[in-house]
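Asks: Below is the sequence, then the predicted model.
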Amino acid sequence: MITSTGWIIITAILAATSCALVGTFLVLRKMSLMGDAISHAVLPGIVLAFLLTASRNTFPMLIGAGIFGLFTVWLTEELSKKGRIFHDASMGIVFTTLFAIGVIIISLFAANVDIDQECVLYGEIAYVPWDLWIWRGTNMGPRPVWILSMVLVINISFITLMYKELKTYSFSPQLAATLGLPVGLIHYGLMGTVSFTTIASFESVGAILVVALLIVPPATAYLLTDRLHRLLLLAVLFGITSAVGGYYMALWINSSIAGAIAVVNGIQFALVFVLAPRYGLLGKKLRGRRATRTEPELITQPEPKNVREILS
Amino acid sequence: METLIEFFSLQDPNIRYVLAGTILLGVSAGALGCFAILRRRALVGDAVAHAILPGVCLAFIFAGGKDPFMLILGAFIFGLLSMATMDFISRNSRIAPDASIGMVLSVFFGFGVVLLTFIQTTGFVDQSGLDDFLFGQAAAMVGDDVLVFGGLSALILVITIIVFKELKLVSFDPSFAQSIGYPVKRIEFLLALLMVLVITAGIQAVGVVLMASMLIIPAAAARYWTDSLRVMLLIAAGVGALSGVTGSFISYTAPAMPTGPWMVVSAAFVFFLSFLLAPGRGEIARYFQKRKLSRRVACENILKTLYSMEEEDGRIDRVRPARELRKRRHLTRRTMKQVLSSLLRRKLVTYYGGTPDGYLLTPDGRKEAKRLVRVHRLWEQYLSQHLQIAEDHVHEDAESMEHLITSEIEAQLRASLGSPERDPHKSRIPYDTEDNEPSTSNSAEKARKDKGGISGYKPGGKSDMIQGGKSGNRPDNEGKGGAS
């Protein structure tokens, strides 16, 4: 029998793994903030699904959120193309407006909605062990664990099936297009998995901390390796250590688990940022010193006086 | 209506406070947002707004309550810290700016959430107001808050006006500013300082989550109406103020309604209207511009086609049926009708109602058609002579340029080419000094000779015969041998 602590840690690990996998491609593709945008913009989708089905059933909410997630991606791109504004500004307009609409709908139906915007922001990972899935009278374990496992399976199969395509696409979309790869399909496939991962995870870790799980572990791993498969593995590893570390840190200082996970992520990044052998601050500084030490030698070499000397 | 009067009569001091606070916020955020948008820093504001949360919490812990001065100080310090962190990460590592924005945003906010739960569990007496910083609670503003936050906004505005010129230069061209001796680093720091200040001032009203939108949306809306930064700043400030008023009014009439989200939604509404309606850059205006241009191009192409038919058979008195025109230029029946009626209205063509019925160029129409063919061929000559582009590659480019070349450019082309006789395809370039008889191109003459001097109209297939059958049976290809 798994204890409630066990379930919480399992949930956090599943969310961290899924996020790290898709987040790697977001970071490589320089679209990190799409996760932030999606996690905010799905609020109206969740609230509407909740109001329409009049229950806290997860699947309608996932569908509502999924629709709004892809809608955000599409609208951001359309607006930046048609409205001729920078991509980041158009993203800022779209997701803040959708989030504001979500908050307004919640206030409008405050009497019969028992979700509040704070639970969307922080998530409720501490309640996961009690959100059980009872199937034909049997207790199947917490529902978020099932959903997150499903998302993880989808993410892993998407990445394994499309590995080469994703690799080409994330380093050079132009090259991928020239090679005749279905760039549009890859893009929307990736955005779709980002949407579902974000939505499935933010139920437990909250809208803003999803961003931490999506971006920080891949960015940390990016300072350590140049190979995509190592990058993915390291990102997953950092995600998992932050999930476990965050849980115990939260237990220790008696605080929000999701917040603590983000803080541990930040600490991990800071350490790697300083210590990474190749791309870290320390490594660069050491290399820089070595370079300046060798510099004089280069200058003291006798300069060739004429063409004949060079040729000889 | 009653509530409207009640609201705007400003009898209730509370309304005065809220209104003053939200308007000042809207104005200062809108104005500064313009710089954020232009420098492509739109989402930096989002990160700073989120990163302020731990500062607010720490100030709360140290002050032991909601002291506005302490809160601002804490927020300000963490705002600057977050900006410095983002800058440091993207300057000292291979992490792209967007990832560093996302990291600072989420990690700082996570730290804030940890502190927030710490405050809640340790049971501070007066912790209720702290949640308001997440979504803002303008309605809870009292006299002191407005004095502090409003004063801050006013200060920001004054500084922005004083250093407007410097900020403008640095936003548009930092390297030029550097080269003429401006202290670019210091001005950029000042701009960052102002940005942090405005976000600090804004969290009370709209909260950390939605603060970024008050920077981005009014500025983006203003961009549609003008190209001048000064005007853009004024419009953005106006949009900000308007959304402040709307937000406060709605939450006044329905107290359950949050002010901040309504400010965002009303600003977004103004943005949407600007996107649609703004003259010049708006979507509707652009639709009509596009339609006008494509109409003009279609009209000019028909004139050219008529001229090239005259060129081919050397007769200006021959009626050209609409069917034949349609065969050469792939236009739908409806567009063709519209184009021809527009040409008739402008007296560039006349209609002949006999059999076969059809159209003829008027002298004015011929003059215009000649001009088009002339600039087309001049452009081809220019491309092949000055840019050394192979002569079979110049036609496509000229086909679009002919609609854009003004008389000044034409004069320049003629001057630089010395008014050449013929284009790279050896077709004669028609000048206005010639008589009204259409010039006949070399290939047309040759084709006529080959065909035993066929002249006059013959339906279909005519152009290929003139081309010597080389260009195949592609009626839309008329430009190649005929008009070019």
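Replies: Structure's in. What do you need?
Asks: Going by C-alpha atoms from here, please, whenever you check contacts or count neighbours.
Replies: Noted.
Asks: so the residue most central in space within chain A is in which element?
Replies: A centroid search over chain A (CA atoms, centre = their mean) returns A:Leu214, at 1.5 Å, as the residue closest to the centre. Assessed by DSSP states H and E, A:Leu214 sits inside helix A:207-222.
Asks: The helix or strand following that helix - contacts with which helices or strands?
Replies: Following helix A:207-222 in sequence order, the next helix or strand is helix A:228-253 (DSSP H and E). Using 3 or more CA pairs under 8 Å, 6 or more residues apart in numbering or on different chains; DSSP states H and E as the contact criterion, the elements in contact with helix A:228-253 are helix A:4-28, helix A:207-222, helix A:257-275.
Asks: So the helix or strand following the first one, near chain B or not?
Replies: So that's helix A:4-28. Using DSSP H and E, the helix or strand that follows helix A:4-28 in sequence is helix A:33-41. Yes - shown here: helix A:33-41 in contact with chain B (CA under 8 Å from any CA of the partner chain) through A:33, A:36.
Asks: mean confidence score for helix A:33-41?
Replies: Average pLDDT, helix A:33-41: 87.
Asks: Any idea how far that helix is from the middle of the chain?
Replies: Helix A:33-41 has its C-alpha centroid displaced from the chain centroid by 10 Å (CA atoms, centre = their mean, to the nearest Å).
Asks: which helices and strands sit right next to it?
Replies: helix A:58-82, helix A:87-108, helix A:183-205, helix A:207-222, helix B:97-122.
Asks: Could you tell me the angle between the first one and helix A:183-205?
Replies: Between helix A:58-82 and helix A:183-205, the angle comes out at 130 degrees (axes from the mean of the first three to the mean of the last three CA atoms, to 10 degrees).
Asks: out of the helices and strands packed on helix A:228-253, nearest to chain B?
Replies: helix A:257-275 (4.0 Å; CA to the nearest CA).
Asks: Next, the buried residues of that closest one.
Replies: The neighbour-count check on helix A:257-275 (16 or more other CA atoms under 10 Å in any protein chain shown) flags A:257-266, A:268-269, A:272-275 as buried.
Asks: wouldn't the residue nearest to the centre of chain A be in contact with A:Phe25 here?
Replies: No - if you go by CA atoms under 8 Å, A:Leu214 and A:Phe25 don't touch, sitting 9.7 Å apart.
Asks: Confirm that A:Trp133 sits in a helix.
Replies: No - using DSSP: H, G, I helix; E, B strand; the rest coil, the secondary structure at A:Trp133 is strand, not a helix.
Asks: low-scoring stretches of the chain, by residue?
Replies: Picking chain A for this. Within chain A, the ranges that satisfy pLDDT under 70 run A:1, A:55-57, A:110-124, A:134-137, A:140, A:289-312.
Asks: could you do chain B instead?
Replies: Along chain B, the model assigns pLDDT under 70 to residues B:1-2, B:10, B:123-133, B:135-143, B:433-484.
Asks: Spatially central, which residue of it would that be?
Replies: With distances taken as CA atoms, centre = their mean, B:Arg281 lies nearest the centre of chain B, 5.7 Å away.
Asks: On the three-state scheme, that residue is what?
Replies: B:Arg281 ends up coil, using three-state DSSP.
Asks: Identify the residues contacting the spatially closest residue to it that is not a sequence neighbour.
Replies: Leaving out its chain neighbours, the residue that sits closest to B:Arg281 by CA to CA, 6 or more residues apart in numbering or on different chains is B:Tyr224, at 5.6 Å. By CA atoms under 8 Å, 6 or more residues apart in numbering or on different chains, B:Tyr224 lies in contact with B:274-275, B:278, B:281-282.
Asks: Highest neighbour count among those residues?
Replies: B:Phe275 (25 neighbours; other CA atoms under 10 Å in any protein chain shown).
Asks: Let me know the helix or strand that that one is in.
Replies: Element membership of B:Phe275, judged by DSSP H and E, is helix B:259-277.
Asks: Mind checking if that helix is in reach of chain A?
Replies: Yes - residues of helix B:259-277 are located near chain A by CA under 8 Å from any CA, namely B:260-262, B:264-265, B:268, B:275.
Asks: For chain A, give me its nearest residue in chain B.
Replies: Minimum separation of chain B from chain A (CA to the nearest CA) falls at B:Gly110, amounting to 4.0 Å.
Asks: ok, how many other residues are close to that residue?
Replies: Using other CA under 10 Å, B:Gly110 is surrounded by 31 other residues.
Asks: For it, which non-adjacent residue is closest in space?
Replies: A:Gly259 (4.0 Å).
Asks: and the one you found, how far is that from B:Ile61?
Replies: According to CA to CA, to the nearest Å, A:Gly259 stands 18 Å off from B:Ile61.
Asks: try B:Ser416
Replies: B:Ser416 sits 77 Å away from B:Ile61, going by CA to CA.
Asks: can you check A:Ser201 too?
Replies: Relative to B:Ile61, and taking CA to CA, A:Ser201 is found at 31 Å.
Asks: In terms of neighbours, single out the busier of those two.
Replies: Shown here are A:Ser201 and B:Ile61; by other CA under 10 Å, A:Ser201 has more neighbours (30 against 17).
Asks: For the nearest residue to the more buried one once chain neighbours are set aside, give me its contacts.
Replies: Once flanking residues are discounted, A:Ser201 sits nearest to A:Ala15: 5.3 Å by CA to CA, 6+ apart. For A:Ala15, the contact set (CA under 8 Å, 6+ apart) comprises A:148, A:197, A:200-201, A:213.
Asks: ok, now B:Arg371?
Replies: When contacts are counted by CA under 8 Å, 6+ apart, B:Arg371 touches B:430-432.
Asks: same thing but 7 Å
Replies: For B:Arg371, no contacting residues are found, by CA atoms under 7 Å, 6 or more residues apart in numbering or on different chains.
Asks: That one sits in which helix or strand?
Replies: helix B:363-386.
Asks: Restricting to C-alpha, output that helix in CSV.
Replies: Once non-C-alpha atoms are left out, helix B:363-386 reads as follows in CSV (Å, rounded to 0.1, in the frame of the first residue of the first chain):
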residue,chain,number,x,y,z
PRO,B,363,-6.5,57.5,-77.0
ASP,B,364,-6.3,58.1,-73.3
GLY,B,365,-6.4,54.4,-72.6
ARG,B,366,-3.7,53.8,-75.2
LYS,B,367,-1.5,56.4,-73.6
GLU,B,368,-1.9,54.7,-70.2
ALA,B,369,-1.3,51.3,-71.7
LYS,B,370,1.8,52.5,-73.5
ARG,B,371,3.1,54.0,-70.3
LEU,B,372,2.7,50.6,-68.6
VAL,B,373,4.3,48.7,-71.4
ARG,B,374,7.1,51.3,-71.4
VAL,B,375,7.9,51.1,-67.7
HIS,B,376,7.7,47.3,-68.0
ARG,B,377,10.3,47.2,-70.8
LEU,B,378,12.4,49.9,-69.2
TRP,B,379,12.5,47.9,-66.0
GLU,B,380,13.5,44.7,-67.9
GLN,B,381,16.2,46.6,-69.7
TYR,B,382,17.4,48.0,-66.4
LEU,B,383,17.5,44.6,-64.8
SER,B,384,19.5,43.0,-67.6
GLN,B,385,21.8,46.0,-68.2
HIS,B,386,22.6,47.1,-64.7
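Asks: Which SSE is immediately downstream of that helix?
Replies: helix B:394-401.
Asks: Quick one: list the elements packing against that next one.
Replies: Applying 3 or more CA pairs under 7 Å, 6 or more residues apart in numbering or on different chains; DSSP states H and E, one finds that helix B:394-401 makes contact with helix B:363-386.
Asks: rewinding a little: ok, the residue nearest to the centre of chain A to A:Trp7 distance?
Replies: Distance from A:Leu214 to A:Trp7, by CA to CA: 21 Å.
Asks: ok, now B:Val56?
Replies: Going from B:Val56 to A:Trp7 by CA to CA gives 33 Å.
Asks: ditto for B:Glu421
Replies: Note on B:Glu421: its distance to A:Trp7, by CA to CA, is 87 Å.
Asks: next one: B:Gly64
Replies: With distances taken as CA to CA, B:Gly64 is found 37 Å from A:Trp7.
Asks: before we move on, what about B:Pro13?
Replies: 53 Å.
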